[in-house]
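Peer 1: pasting a predicted model and its sequence here:
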Amino acid sequence: MPETPIQHPVLRRLFDYWRSLRVDGRLPPFARFDPTTVPEIMGRAMVIAVERDPLRFRYRIYATRSAMLSYIDLTGRYVDELPGDAERAIVLGRLTRGVADGKPTVIVRTSRAPHDFVTFESVMLLFADDGETVDTVVFGMHRLSEQPAWSTDASAPVVLSEHTLDD
């Protein structure tokens with residue numbers, strides 16, 4: 001298997017596990033996904049349902065650690081209800097691209113936490129009951145550092161890198 005730009009070992013294991021679920025290069029169905037296979041991801045994962053006509057994304061599970069950091073649990077709510085215009089635009093854009101191209105992605109970004117900036121890495125994994133039409137998205141996330149990032153808008157998230165993964 002080719003090397004990935006994924007830095008955190010837990011996220012690498014999650015991506016490798018997702019890759020093992022694929023058959024003939026098709027996207028795996030979410031029903032085959034067992035998060036206990038990579039138990040370290042529990043509490044650090046978001047599961048997002050894809051709705052169509054119109055295209056909308058709903059948090060089925062909002063990561064416990066993200067909820068603790070942001071003081072908000074978005075489970076059951078739509079991504080377009082995210083507070084913060086910049087954050088909402090980034091997340092909606094990434095999800096829309098992922099649904100369109102069917103490619104997993106690794107993202108490194110810095111966001112504002114209640115008392116500081118946090119740099120974290122996330123892996124976006126796509127699932128499809130029919131092997132092609134994305135119906136579920138899983139984000140696995142892990143903190144890389146608590147170093148501040150520079151931005152002209154102290155509340156705006158900063159995307160440091162984003163790479164489509166070879167699947």
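Peer 2: Perfect, thanks for sending it. Residues are numbered from 1 along each chain as shown.
Peer 1: which helix or strand contains the most centrally placed residue in the chain?
Peer 2: Against the mean C-alpha coordinate of the chain, by Cα atoms, centre = their mean, the closest residue is F139 at 2.6 Å. With elements delineated by DSSP states H and E, F139 resides in strand 136-145, which encompasses its position.
Peer 1: so how far is that strand from its chain's centroid?
Peer 2: On the basis of Cα atoms, centre = their mean, to the nearest Å, strand 136-145 is displaced by 5 Å from the centre of the chain it belongs to.
Peer 1: how about the helices in the protein?
Peer 2: Using DSSP state H, the helices of the chain run over residues 9-21, 64-70, 85-101.
Peer 1: convert the last one to PDB, retaining C-alpha atoms only.
Peer 2: Output of helix 85-101 as PDB, limited to C-alpha atoms (Å, rounded to 0.1, in the frame of the first residue of the first chain):
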ATOM      1  CA  ASP A  85     -19.500  31.500   9.000                       C
ATOM      2  CA  ALA A  86     -15.800  30.600   8.300                       C
ATOM      3  CA  GLU A  87     -16.100  27.200  10.000                       C
ATOM      4  CA  ARG A  88     -19.400  26.400   8.300                       C
ATOM      5  CA  ALA A  89     -18.000  27.300   4.900                       C
ATOM      6  CA  ILE A  90     -14.900  25.100   5.400                       C
ATOM      7  CA  VAL A  91     -16.800  22.100   6.600                       C
ATOM      8  CA  LEU A  92     -19.600  22.400   3.900                       C
ATOM      9  CA  GLY A  93     -17.000  22.800   1.200                       C
ATOM     10  CA  ARG A  94     -15.000  19.800   2.200                       C
ATOM     11  CA  LEU A  95     -18.100  17.600   2.600                       C
ATOM     12  CA  THR A  96     -19.500  18.700  -0.800                       C
ATOM     13  CA  ARG A  97     -16.200  18.000  -2.500                       C
ATOM     14  CA  GLY A  98     -15.900  14.600  -0.800                       C
ATOM     15  CA  VAL A  99     -19.500  13.600  -1.900                       C
ATOM     16  CA  ALA A 100     -18.800  14.700  -5.400                       C
ATOM     17  CA  ASP A 101     -15.400  13.000  -5.900                       C
END
